[in-house]
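**Q** sequence and predicted structure, then a few things I'm wondering about:
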Amino acid sequence: MILFNGTLYTDDKLDSILTRLPEHCIHTLENRIALHQKVIYACSTLSEQIQNGIFDSMIQPLLARGLFTKHQLDQAVSFFQREHIETKYQTELGCLTEHLTPILLPSGITIQRSYVPLGVLFHIAAGNAEGLPFYSVIEGLLAGNINILKLPSMDDGLSILLLQKLIQIEPCLAPYIAVFDISSTRTAILKKLETLSDAIVVWGGDEAVRAARTLASPSTQIISWGHKLSFAYLTLDAKKEELRGLAAHICETNQLLCSSCQGIFVDTENIHTLQSVGLSFLQLLEEESASYPPLSIGIRGKTSLSLYNEELESATSHREVLKGKGASVILSYDATPELSYMFRNCWIKPLPRTHIVKALKPSKGYLQTVGLLCSEKERLSLSKEFIKAGVVRITYGPTMSRTIPGEAHDGAYALRRYCKLAEIEI
């Protein structure tokens, strides 16, 4: 399906819409209006409708399939309530765009500075988080941009439905949203969309970012929200309830988010201590896994093959596989952060606190969240070490994937990246 100027079209209308799109973008830019208050109103109304059950026929099957939990749904819905989305706007951009006064420079020249939208954003969304394409467009709208969205290949229709409902609530948003369900292999069409855009907003790993850079002309910015690695760090002062909360987080997210815990670094060099932590955590992971919907046969089969291969290679890899019911832990004795097998399977590695910066700095650009499980008196000093290494977000273990209005994303404010600073001499 295609969503263009507030109307849904079938895919056979693609060529016609692509022909009309350039003039449509120019006309919308020429008549651009301030959007953020209208976006805030539409989002808060939409969140109320979701809470009142209007979209249950769409959402309940997704919950049943385990694509997200009720807790994650409630968190996402609350994020779009008026007070939360206003906080996001004011924190990221509002303080820079309101009450601006002319600036008298030492040279005697007076200028007016302001943040203005980039113009047209081309969002290439990833499919690792339900509703992410919708959220990406909302951020573009809050910054005042026209938004062209390419849906991920496995999209289930939720984002396009929500965007259509958003336009029904606030029809003036219609010219600022265009959604296309096209394959990444159709590079000629993607190039047409890139040509219209001031920036490509790409969500995904290195391969997705490289593809976007190949696609982009020199005059088009690349704003990447690449896949990141997140993990927990455990000192021997950590409490068992914190570890249980971390296990619950792993089961709830299935480790699919950039902020999901892929593994645990332990503040030790002792192999026996590491093994003891691994066995204890596996038990917690098994217990928490039983509280969540079972994984699909396909995922369980793929994980079993991966773990079997790990066991075959253990003699040379020096990795030890601890298998439990619905979960596993791999003990590894290097100190390199890596992606886990996900779906309730994590690694545990030694990392003495004195080696944090040296071990993690080579992974610069990939580090996002550390769930820190330690005594409160050590929390600040350990956090500083991870920040030196390149980590941009420190949380408690159970809250690694929580969201807070106004919180930075991968160390940056998205709304500011979607704007530019304009200066007028007066």
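**A** All right, it came through fine.
**Q** surely Ile222 is within a helix?
**A** No: using DSSP: H, G, I helix; E, B strand; the rest coil, the assignment for Ile222 is strand, not a helix.
**Q** contacts for stretch 299-306?
**A** Leu295, Ser328, Tyr341, Phe343, Asn345 (CB atoms under 8 Å, 6 or more residues apart in numbering). The way it works is simple: take the backbone N, C-alpha and C, and place the C-beta from them, glycine included.
**Q** off-centre distance for it?
**A** 25 Å (CA atoms, centre = their mean, to the nearest Å).
**Q** mind listing what's buried in that stretch?
**A** Buried residues in stretch 299-306, counted by 16 or more other CB atoms under 10 Å: Ile299, Thr303, Ser306.
**Q** can I get it in PDB, CA atoms only?
**A** In PDB, the C-alpha atoms belonging to stretch 299-306 read as follows (Å, rounded to 0.1, in the frame of the first residue of the first chain):
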ATOM      1  CA  ILE A 299      13.500 -19.400  16.300                       C
ATOM      2  CA  ARG A 300      14.000 -22.300  18.700                       C
ATOM      3  CA  GLY A 301      15.400 -24.400  15.800                       C
ATOM      4  CA  LYS A 302      17.800 -21.800  14.600                       C
ATOM      5  CA  THR A 303      19.000 -21.100  18.200                       C
ATOM      6  CA  SER A 304      19.500 -24.900  18.800                       C
ATOM      7  CA  LEU A 305      21.700 -25.200  15.700                       C
ATOM      8  CA  SER A 306      23.800 -22.200  16.700                       C
END
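**Q** for it, the averaged confidence score.
**A** Mean pLDDT, stretch 299-306: 94.
**Q** ok so, going back, of the buried residues of stretch 299-306, closest to Thr214?
**A** Checking the buried residues of stretch 299-306 against Thr214 by CB to CB gives Ser306 as the nearest, at 30.6 Å.
**Q** quick check on the closest one: phi, psi?
**A** phi -60, psi -40 (degrees, to the nearest 10).
**Q** sec struct for the nearest residue to Ser183 once chain neighbours are set aside, please.
**A** Residue nearest to Ser183 in three dimensions, not counting chain neighbours: Ser153, with 6.9 Å by CB to CB, 6 or more residues apart in numbering. At Ser153 the chain is in coil, as set by three-state DSSP.
**Q** Ser276 too?
**A** Look at Ser276: counting by three-state DSSP, its state is helix.
**Q** turn the buried residues of stretch 299-306 into TSV, including distance to Ile50.
**A** Below are these laid out as TSV (distance: CB to CB, whole Å):
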residue	distance to Ile50
Ile299	28
Thr303	33
Ser306	37
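**Q** which one of the residues you listed is nearest to Ile85?
**A** Ile299 (33.9 Å).
**Q** for the stretch 101-250 of the chain, what are the low-confidence residue spans?
**A** Along the stretch 101-250 of the chain, the parts satisfying pLDDT under 70 run over 101, 128.
**Q** one more time with 90
**A** 101-105, 107-108, 111-115, 126-132, 153-159, 183-184, 204-206, 226-227 (pLDDT under 90).
**Q** is the residue nearest to Glu311 when sequence neighbours are not counted part of a helix or strand, or is it coil?
**A** Nearest non-adjacent residue to Glu311, counting by CB to CB, 6+ apart: Val321, 5.2 Å away. Here Val321 is recorded as strand under three-state DSSP.
**Q** returning to what we had before: which of the buried residues of stretch 299-306 lies closest to His123?
**A** The closest of the buried residues of stretch 299-306, once distances to His123 are taken by CB to CB, is Ile299, at 27.7 Å.
**Q** the closest one should be in a helix, yeah?
**A** Yes: under three-state DSSP, Ile299 sits within a helix.
**Q** if I look at it, how far off is Pro293?
**A** 11 Å (CB to CB, to the nearest Å).
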